[in-house]
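Chemist: build me a model:
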Amino acid sequence: MFIYHTIVSNRNETQPSYSCWNNNAVLSNIFFRRNKSSKNNICTTLPFKSFIDYVIQKKQMIYDIIAIIYCVLPFIGLWAIFEKAGIKGWKALIPIYNFILWIKILGKDWKWYIYMLIPAINVFTYLLLVVETAKCFQRNGLGEQTLAVLFPFAYLPYLGFSKKYKYTNPKDLPEVKYSSAREWADALIFALVAATLIRTFMFELYNIPTSSMEKSLKVGDFLLVSKVAYGPRVPMTPVAVPLIHHSIPGTKIKSFWDGIQLGYHRYCGLGKVERYDATVFNYPDGDTVALAFESNASYHALVRQYGREVVNNTPANFGKIITRPVDKRENFIKRTIGLPGEELQIINKMVHINGEAIENPKDLQYTYAIKMAPGSTLMPRDLQRLNISNEDIESMRDRSFITMNKKQFDILSQNPAINDLRPIYSERCTKKHFDEIDSSDVFLTALYVNYMYLSAQDLLNLGISQQDIASMGEYITLPLTNENYEKLKTYPGVEKIIPIETYAGYRDLDIFPHSEDYRWNADNFGPIMIPQHGSTVALNTSNLPIYKRIIEIFEGNTLEVKDGKIYINGQETNQYTFKMDYYWLMGDNRHNSADSRFWGFVPEDHIVGKATRVLISFDKDKSGLKKIRWNRILKDANSW
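Modeler: Numbers count the residues shown, from 1 in each chain. A predicted model of the protein is given here:
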């Protein structure tokens, strides 16, 4: 029983805890304290009371103790059960051999050994073994078997050490008949428990509905996302409808109760987040949500555009405003680009880490302005041969291009008919920085016009020539891989293809950290230091916009600025030490991806898992068997 989730790609977070990523020697830390006064670093055993105090102080250790209990107690219970079945109890502690003997005393055949070797299937098999064990002790009630499935770590010792219950060989068990309702109840409870365990601690299925990772990961891909790759995250919102993310399907009713929130904790995994990983995470800007938009428009972006009062008090336009805990925020998938402690900068669309340009994914896309010869056009079938989606084809004339000077640009940017306006680097003006452009320099400009009408006369009034106005219709816009860029250059009627690159120094209001002090855009950004757990940054009112959300929202502090001074938790300070690692993630469809360039860092407690395989992929633009992308079945999701 599996439910797949769509990747779309509150302020009361509890303090994070670190198990594997930031805390080594977890178990040794519980039982031993390092004697700091000793030159030989001799470890001394903690008194019992100090041990208890230590565990309370280090609450993350409780999760590790729970994991140990869950893993160890069932086999202690098996020791006693084996004794009752005539097998030496110590054999229950021998890995693999204990399962062979367990399956044997339950009277199961060789196929069960195979089931135990198959990931995910072995979870179902383990729980079935627990239920079958209950039957061998003639415990057949629905309630008791439900408890056995939910709490095997307590139930198996209960059966093994209780003098009331005797083991019966399966061949000698009386026949028990169940009603249809009971059989359905058994199946439902069992499936829910097993699927929840698998979804939480092993892997989950997701599908991709948007094009932000094209052409590496495509719309219609169904992904297997591993939770063990980085270590499974303990559910932070434990009271929730099983197998449902944040809302009851088909409604806006939340599927969880956030009255109980657990601290962040992650068990050890197979590795850490690495550069170029296709990473699934909870949307960092999704702590507050305008339900009319969900994740299609960030609440915080709406507030910057319309004002908090308007957004909060106009439900007809923005819907109900709600908050979501970390693990119930929308799931996104992007590629990990920057790691904790690294300096990141984007120069002319190329990402630089610690001053060095890094390699781009093979199927990365940029958006291009394609100028057609007068009277020429690109037919949809020609573009479909390049695997360009119908969605991109239908929107290729949404953007217009026109040449103008800086004075005309500044005036036009104030026109309410303009939804977006940006200066594009081209051969018309080869100056590298927007501040270097004189008022008379002519450059290419990309513009989106909204529902308000922009007339040709408005442009003529600015002194833009009739010829330049007429040429606006000769441009189309498409996202292209390098391979498609080279192919399209040879198409009849294509006059030239202009890479879209916004001038350095031009400030895009949608770009993080949304401050006038940072004149950054999606193509020229930074430099910026990615926070690392335990590292300390000097704070001032200039760089505070970069770290404000980390301090307040992600790490749960109060933050105030009074008379130019910074106060954290009521104390004046000029520095801050980070409690978590942070990451920088970007989509492979660089000009059609809302990612860290727009909303900043991804905290480690937001990381969900690593996309490992494309199980199957469906092309929404095709039908029948052609809809299945056969070449993507079981494709490595990280083969870029």
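
Chemist: C-alpha from now on. contacts and neighbour counts both.
Modeler: OK.

Chemist: leaving out chain neighbours, which residue sits closest to Pro513?
Modeler: Computed as C-alpha to C-alpha, 6 or more residues apart in numbering, the closest residue to Pro513 that is not its neighbour in sequence is Ile546, at 5.4 Å.

Chemist: gap between the helix or strand encompassing the one you found and the chain center?
Modeler: According to DSSP states H and E, Ile546 maps onto helix 544-549. Helix 544-549 sits 21 Å away from the centroid of its parent chain (C-alpha atoms, centre = their mean, to the nearest Å).

Chemist: following element in sequence after it, please.
Modeler: Counting by DSSP H and E, the element after helix 544-549 in chain order, helix or strand, is strand 559-562.

Chemist: quick one: strands adjacent to that following strand?
Modeler: strand 565-568 (antiparallel) (DSSP bridges).

Chemist: could you report the distance from the residue nearest to Pro513 to Gln532?
Modeler: For Ile546, the distance to Gln532 equals 14 Å [C-alpha to C-alpha, to the nearest Å].

Chemist: just the helices from the stretch 301-450 of the chain, written as ranges.
Modeler: Applying DSSP state H, counting those that start in this stretch to the stretch 301-450 of the chain gives helices spanning 308-312, 315-318, 380-384, 390-394, 406-412.

Chemist: same deal with the stretch 151-300 of the chain?
Modeler: Taking DSSP H, counting those that start in this stretch as the test, the helices found in the stretch 151-300 of the chain are 152-161, 180-201, 299-306.

Chemist: residue with max distance from the center of this structure?
Modeler: The centre of the chain is farthest from one residue, Asp172, which by C-alpha atoms, centre = their mean lies 52.3 Å away.

Chemist: lowest-pLDDT helix or strand in this structure?
Modeler: For the chain, using mean pLDDT, DSSP states H and E, the weakest element among its helices and strands is helix 26-31, scoring a mean of 32.

Chemist: and the lengthiest helix in the chain, which residues are buried?
Modeler: Looking across the chain with DSSP state H, the single longest helix is helix 60-84. Neighbour counts using 16 or more other C-alpha atoms under 10 Å place 60-61, 63-64, 73-84 of helix 60-84 among the buried residues.

Chemist: stretch 229-241 too?
Modeler: Residues of stretch 229-241 classed as buried by neighbour count (16+ other C-alpha under 10 Å): 229-238, 240.

Chemist: list the contacts of that stretch.
Modeler: Residues from elsewhere that reach stretch 229-241, judged by C-alpha atoms under 8 Å, 6 or more residues apart in numbering: 20, 200-202, 227, 255-258, 260-273, 325-328, 608-610.

Chemist: mind checking the end-to-end distance for it?
Modeler: Stretch 229-241: ends 25 Å apart by C-alpha to C-alpha.

Chemist: pLDDT of that stretch, averaged?
Modeler: In this model, stretch 229-241 carries a mean pLDDT of 93.

Chemist: residue ranges for the strands of the stretch 1-150 of the chain, please.
Modeler: Here the stretch 1-150 of the chain has its strands, by DSSP state E, counting those that start in this stretch, at 4-6, 32-34, 43-45.

Chemist: and these, which one's lowest on average pLDDT?
Modeler: Across the strands of the stretch 1-150 of the chain, strand 32-34 gives the lowest mean pLDDT, at a mean of 35.

Chemist: how near is the residue nearest to the spatial centre of the chain to Val130?
Modeler: Centroid check for the chain by C-alpha atoms, centre = their mean gives Phe281 as the closest residue, at 1.4 Å. According to C-alpha to C-alpha, Phe281 and Val130 sit 34 Å apart.

Chemist: and what of Pro545?
Modeler: Using C-alpha to C-alpha, we find Pro545 at a distance of 54 Å from Val130.

Chemist: more crowded one of these two?
Modeler: Val130 (22 against 17; other C-alpha atoms under 10 Å).

Chemist: my read: the more buried one touches Leu150, true?
Modeler: No - Val130 is beyond contact range of Leu150, at 10.1 Å (criterion: C-alpha atoms under 8 Å).

Chemist: mind checking how far Ala369 is from Val494?
Modeler: Distance from Ala369 to Val494, counting by C-alpha to C-alpha: 11 Å.

Chemist: compare those two and say which is more crowded by neighbours.
Modeler: Ala369 (22 against 19).

Chemist: who are the neighbours in contact with the more buried one?
Modeler: 401, 475-478, 497-500.

Chemist: before we move on, the earlier item: would you turn the helices of the stretch 301-450 of the chain into CSV with mean neighbour count?
Modeler: Listed next are the helices of the stretch 301-450 of the chain as CSV, based on neighbours: other C-alpha atoms under 10 Å:
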stretch, mean neighbour count
helix 308-312, 15
helix 315-318, 14
helix 380-384, 13
helix 390-394, 14
helix 406-412, 16
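
Chemist: can you put those helices in a markdown table and add distance to Leu291?
Modeler: As requested, the helices of the stretch 301-450 of the chain are arranged in a markdown table below (distance: least, C-alpha to C-alpha, whole Å):
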| stretch | distance to Leu291 |
| --- | --- |
| helix 308-312 | 11 |
| helix 315-318 | 7 |
| helix 380-384 | 35 |
| helix 390-394 | 25 |
| helix 406-412 | 33 |
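
Chemist: mind checking these for the one nearest to Ile105?
Modeler: Of all the helices of the stretch 301-450 of the chain, helix 390-394 sits nearest to Ile105, with 59.5 Å by C-alpha to C-alpha.

Chemist: what sits up against the closest one?
Modeler: When contacts are defined by C-alpha under 8 Å, 6+ apart, helix 390-394 is touched by residues 380, 383-384, 478-479, 621.

Chemist: what's the closest of those residues to Pro340?
Modeler: Nearest to Pro340 among the contacts of helix 390-394: Pro479, at 30.2 Å, using C-alpha to C-alpha.

Chemist: contact partners for Trp584?
Modeler: By C-alpha under 8 Å, 6+ apart, Trp584 lies in contact with 336-339, 530, 596, 600-602.

Chemist: can you report how many residues lie near Gln571?
Modeler: Counted by other C-alpha under 10 Å, the residues lying close to Gln571 total 11.

Chemist: ok, what's across the strand from it?
Modeler: In this entry, Gln571 is beta-bridged to Ile568, by DSSP bridges.

Chemist: distance of the residue farthest from the centre of the chain relative to Lys135?
Modeler: Relative to Lys135, Asp172 is positioned 11 Å away (C-alpha to C-alpha).

Chemist: ok, Ile568 next?
Modeler: Taking C-alpha to C-alpha, one finds Ile568 at 59 Å from Lys135.

Chemist: then Thr481?
Modeler: Separation of Thr481 from Lys135 (C-alpha to C-alpha) stands at 60 Å.

Chemist: residue ranges of each domain in the chain, please.
Modeler: 59-183, 366-499 (automatic domain parsing).

Chemist: buried stuff in stretch 241-248?
Modeler: 243-246.

Chemist: low-confidence ranges, the protein, go.
Modeler: 1-60, 449-453, 640 (pLDDT under 70).

Chemist: how about Val608, what does it touch?
Modeler: Listed by C-alpha under 8 Å, 6+ apart, the contact partners of Val608 are 227, 232-233, 279-282.

Chemist: looking at this, it is in a strand?
Modeler: Yes - applying DSSP: H, G, I helix; E, B strand; the rest coil, one finds Val608 inside a strand.

Chemist: how far away is it from Ser439?
Modeler: Val608 sits 49 Å away from Ser439, going by C-alpha to C-alpha.

Chemist: then Ile322?
Modeler: Distance of Ile322 to Ser439, computed by C-alpha to C-alpha: 46 Å.

Chemist: can you pull out the helices in the stretch 1-150 of the chain?
Modeler: Using DSSP H, counting those that start in this stretch, helices in the stretch 1-150 of the chain cover 26-31, 48-57, 60-84, 97-105, 111-115, 121-136, 142-150.

Chemist: to Glu309, which of the ones you listed lies closest?
Modeler: Evaluated over these, closeness to Glu309 peaks at helix 60-84, with 39.3 Å, by C-alpha to C-alpha.

Chemist: can you spell out which helices and strands pack onto that closest one?
Modeler: Identification of packing neighbours for helix 60-84 by 3 or more C-alpha pairs under 8 Å, 6 or more residues apart in numbering; DSSP states H and E yields helix 152-161.
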